[in-house]
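Undergrad: For reference, the sequence and a predicted model appear below.
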Amino acid sequence: MKLKGQHLLSVKDISLDLIDELFIVAESMRPYAGRQKVTRVLEGAVLGNMFFEPSTRTRVSFGSAFNLLGGEVRETTGLSNSALAKGESLYDTAQVLSGYSDIIAMRHPKAGSVKEFSLGSRVPVINGGDGPNEHPTQALLDLFTIKNELARQNKSIQNLSLTLLGDLKHGRTVHSLCQLLALYRNLKIQLISPAELAMPTKYVDLLVNAGHQVEVGTTLEQGLPQANIIYQTRIQEERFSSQQEANLYRGYFRLNKQIYAQHCQPDAVIMHPLPRDSRNEANELDNDLNAMPGLAIFRQTDNGILVRMALFACILGVEDIIQNYEQTVNWYSGLRK
Amino acid sequence: MKLKGQHLLSVKDISLDLIDELFIVAESMRPYAGRQKVTRVLEGAVLGNMFFEPSTRTRVSFGSAFNLLGGEVRETTGLSNSALAKGESLYDTAQVLSGYSDIIAMRHPKAGSVKEFSLGSRVPVINGGDGPNEHPTQALLDLFTIKNELARQNKSIQNLSLTLLGDLKHGRTVHSLCQLLALYRNLKIQLISPAELAMPTKYVDLLVNAGHQVEVGTTLEQGLPQANIIYQTRIQEERFSSQQEANLYRGYFRLNKQIYAQHCQPDAVIMHPLPRDSRNEANELDNDLNAMPGLAIFRQTDNGILVRMALFACILGVEDIIQNYEQTVNWYSGLRK
Amino acid sequence: MKLKGQHLLSVKDISLDLIDELFIVAESMRPYAGRQKVTRVLEGAVLGNMFFEPSTRTRVSFGSAFNLLGGEVRETTGLSNSALAKGESLYDTAQVLSGYSDIIAMRHPKAGSVKEFSLGSRVPVINGGDGPNEHPTQALLDLFTIKNELARQNKSIQNLSLTLLGDLKHGRTVHSLCQLLALYRNLKIQLISPAELAMPTKYVDLLVNAGHQVEVGTTLEQGLPQANIIYQTRIQEERFSSQQEANLYRGYFRLNKQIYAQHCQPDAVIMHPLPRDSRNEANELDNDLNAMPGLAIFRQTDNGILVRMALFACILGVEDIIQNYEQTVNWYSGLRK
């Protein structure tokens, strides 16, 4: 497969063919992620889970995905006291760490850092987020979720009417998703945000040039009725110049059961890259949505395991032999799902 | 067994029957904890060791216990930068993290947080300490140690004369232990503390109502002579309004070899939840006790491995098949014990 | 073998015989470290990787080495919030943690702390660096690299002409290396540093008394021409009383391709304990050396894996049975080297 031995640094490296192949492998991971079976195909392999910027959920998701294939995980979290602080180049750090592992997942606060690191690495590197720049595995799991949620309704990606909602200016995940969506044609995409937090022009142009029907708006009512997928985002407080300025937008768009009933299609799907801000002043997605079948946010995070397992399997070239290393599940796994 | 698929959130969930069953399983863990044998029964399973409040020893104890059953451990330590800081509810955090693991051990600084978390978790959750509230696995390992130390002297729990000593007001471990002891009848329990750090009335009442003979005192001499188990605690400095206030009580009760010889029964057992404060101004248990056979503090911490292995095994329903996955120990383990 | 069941606390514990035996085992680790084969000899064993002072690379190197032998790793990083801060003695910490693992690798900021810890440990302890004092595994991997680099040129240790370069006053690694070199006779050793950062007299005496030809100098030109191995070090900024004072010496000795061509033997080998300070004001080893075959700095860090695997194997007494637990490598490992 194309990914074998390759880095995954950017959504720009991803083609439609690669997506199709990867998602077939991701689907084949369900029995292992769902603990119907165990596979030990990567027994003896070591993941370097190098999070130079802390992130509990993404770090644990990468680590668990590798464990579920039978491999071991060595990891780090945070920048302080590291060799980088003593003036070491990312090239050197990569040379050193790549001698300790078979593959590296890396997050770093600086845009471009993961690519720079990859130039010194002797093993494949997956970008786990380089500051405001890229987070390709999130984009892949989002697209995988869109396709899956549509499939649950016997629809395909060609039926997609997608509304991106919220802080479209700062949201790294929606930017990356737009780049993947630009691989398709003739989709319906609504971009709904406060005027000041609009999607940057270059991504709007990208979507338009790909032949999509793009609408831009500033009110919920413009975005909800026609959408079969609604992708809500968090106001990225940490990217504003002051908390005061961020507070202008927290709670700007709130979805709850009543609004959903009033404005949305009855089977509309709700996604969110998580964490959702559940504090009163924000409450982006009300907890009264939790019991609704359309709330896909936890299926979405679960899909992160499938997609990351698939990436590890494809990059390490074991996607076709996973079944050869199967074992039974000895333990209780009744609560899952 | 009753624990299969269940959360362990509180000592209140624990019955005498459950204790008896659990402790039989804990005993059966000795060959694996003592490295006479290896078992791989949980090979492929993942523990989410989520310590949102740091604690080296408890975290490592949970992790090692899971490794000793053959499973993998993913973990986090500390609250900063986590999604909780971005306004995520514990329900959401639980939904996300429970998709990454088969069982979760969690510590968190806020009372009630682990229970709240468990409501969103799709896998069993073990409370590893929720602030000042509960620490049920410590209570279980304490009770296991009491029963074991008595058994070493051919005594049973019915012979117990127990002295709890020190900061009985703030000590979470002694509060939890009292709740387990309230499941028994007609024990002798001495509660010895500075008057200002007395055991809260509700726990005294609990013991009295259970039919125990409870004595309350403020001097060592009142607590030592009749006890066959002496449970010393640390002054919980971090719970006082000032270090100055805490210093009033550090060093209030000091046990050493001479006092032991003078006041204690010759085979009296000394326990402590650890860490013991060995600085001069506190010196709760003098190092001259280290060579004495009655000093059970390190058997007590070792018992933590047995009890946590037993909990994992019972909750995941593998306690009867552990022997089926045995391997030999290939390596030197001569120093242990 | 002599190391079985032993602590490794100091280079002073190391004899020539032990070095010879250990390095034979280290060589035998190449197929596993290079991912031509997997071994599971330590399956079920647990390493306590206790880094009470953070160090990403040394910590990950120990952890990966243990994983490559099939074992599991539990670890901690940093001192804050630990039991030590609550007044626990290192003896107690060791008693507790040694109940959780089969072997412990420990780093701690205080000189002598690892030895003190070892007195309470019931399992073997490897010193991973105790403040300014010792870092014996670094010294071993440095010596292993020296012997290997010489062997690549069909030379032996008896041909060694070694130049130690840079901050020889504060560099823990060069101090430890001198102690190992003192086990040999009649080597040529040049000690080149700013006068204020000269090698402490006791180490110079040690080398002289061992019968080595020792030259001391303050300029590059004195150290480069005759050396077949050049060991550059970092100015240990953190050991100076002020950054201002440290800045006097950063960039004092810079090696680059031109200087190498002008002053060094054509096959001179360059080593460095890493991290190298690549910022302009220091630039100890210019990046234009990266493509040169003599630059051994990344072979040196890779050798750390071999030496640490060998130490674990020898201390745990499995060095002769590693092949009995071999498995094939299932995954792509094409980029390595």
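TA: Received the coordinates, thanks. Numbering: from 1, shown residues only, chains lettered A, B, ... in the order given.

Undergrad: Pick out the residue of the stretch 101-250 of chain A closest to chain B.
TA: A:R234 (7.0 Å; Cβ to the nearest Cβ). In short, each C-beta sits where N, CA and C put it, glycine included.

Undergrad: which residues touch the closest residue to that residue other than its chain neighbours?
TA: Leaving aside its sequence neighbours, A:R234 sits nearest to A:D277 (Cβ to Cβ, 6 or more residues apart in numbering or on different chains; 5.4 Å). A:D277 makes contact with A:R234, A:I235, A:R250, A:N283, A:E284, B:K86, B:G87, B:E88, according to Cβ atoms under 8 Å, 6 or more residues apart in numbering or on different chains.

Undergrad: Contact residues of the stretch 1-150 of chain A facing chain B?
TA: Remark: the part of the stretch 1-150 of chain A in contact with chain B comprises A:35, A:38-40, A:54-57, A:59-61, A:63-64, A:67-68, A:70, A:72-73, using Cβ under 8 Å from any Cβ of the partner chain.

Undergrad: neighbouring contacts of the helix or strand of chain A with the lowest mean pLDDT?
TA: Across the helices and strands of chain A, mean pLDDT, DSSP states H and E gives its lowest value to helix A:243-247, namely a mean of 86. With Cβ under 8 Å, 6+ apart as the test, helix A:243-247 has contacts from A:I235, A:E237, A:F240, A:E281.

Undergrad: Give me the pLDDT value at the residue nearest to A:A313 when sequence neighbours are not counted.
TA: Among residues not flanking A:A313 along the chain, A:E319 sits closest, at 4.3 Å (Cβ to Cβ, 6+ apart). We have a pLDDT of 97 for A:E319.

Undergrad: Could you do A:V214 as well?
TA: If you check A:V214, the pLDDT there is 98.

Undergrad: I'd guessed it sits against A:L207; true?
TA: Yes: between A:V214 and A:L207 there is a contact at 5.0 Å, judged by Cβ atoms under 8 Å.

Undergrad: can you count the residues close to A:S278?
TA: Using other Cβ atoms under 10 Å in any protein chain shown, A:S278 is surrounded by 18 other residues.

Undergrad: Quick check: the gap between it and A:Q190.
TA: For A:S278, the distance to A:Q190 equals 25 Å [Cβ to Cβ, to the nearest Å].

Undergrad: Closest one of the contacts of A:D277 to A:S161?
TA: A:E284 (20.7 Å; Cβ to Cβ).

Undergrad: List the contacts of the closest one.
TA: Residues counted as contacts of A:E284 (Cβ under 8 Å, 6+ apart) are A:G166, A:Q232, A:T233, A:R234, A:F253, A:R254, A:L255, A:H272, A:R276, A:D277, A:S278.

Undergrad: how does it look with 10 Å?
TA: Counting by Cβ atoms under 10 Å, 6 or more residues apart in numbering or on different chains, A:E284 touches A:165-167, A:232-235, A:250-256, A:272, A:275-278, B:87.

Undergrad: And for A:L165?
TA: Contact analysis of A:L165 by Cβ under 10 Å, 6+ apart lists A:171, A:174, A:190-193, A:217, A:220, A:223-224, A:227, A:230-233, A:252-253, A:255, A:270-272, A:284.

Undergrad: In contact with A:F117, which residues?
TA: Applying Cβ under 10 Å, 6+ apart to A:F117 gives the contacts A:7, A:9, A:50, A:52, A:89-95, A:97-98, A:104, A:106, A:108, A:125, A:127, A:130.

Undergrad: one more time with 8 Å, if that's ok
TA: So, once contact is read as Cβ under 8 Å, 6+ apart, A:F117 ends up touching A:L90, A:Y91, A:T93, A:A94, A:I104, A:M106, A:H108, A:V125.

Undergrad: Mind checking which of the residues you listed land in strands?
TA: Assigned to strands by DSSP state E, the following of the contacts of A:F117 qualify: A:I104, A:M106, A:H108, A:V125.

Undergrad: In these, which residue is surrounded by the most others?
TA: A:M106 leads the ones in strands among the contacts of A:F117 on contacts (other Cβ under 10 Å) with 28 neighbours.

Undergrad: what's across from it in the sheet?
TA: When bridges are called by DSSP bridges, A:M106 pairs up with A:M50, A:N127.

Undergrad: if I look at it, how far off is A:L90?
TA: According to Cβ to Cβ, A:M106 and A:L90 sit 10 Å apart.

Undergrad: Same question for A:G63.
TA: Distance of A:G63 to A:L90, computed by Cβ to Cβ: 22 Å.

Undergrad: Go ahead and confirm A:L206 touches A:S176.
TA: No: using Cβ under 8 Å, A:L206 is not in contact with A:S176, being 11.5 Å away.

Undergrad: Which of those two has more residues huddled nearby?
TA: Neighbours per residue, other Cβ under 10 Å: of A:L206 and A:S176, the larger number sits with A:S176, 27 against 18.

Undergrad: Would you agree the more buried one falls within a helix?
TA: Yes: residue state for A:S176 (DSSP: H, G, I helix; E, B strand; the rest coil) corresponds to a helix.

Undergrad: tell me the domain boundaries of chain A?
TA: Domain ranges of chain A: A:11-134+A:303-327, A:137-298, per automatic domain parsing.
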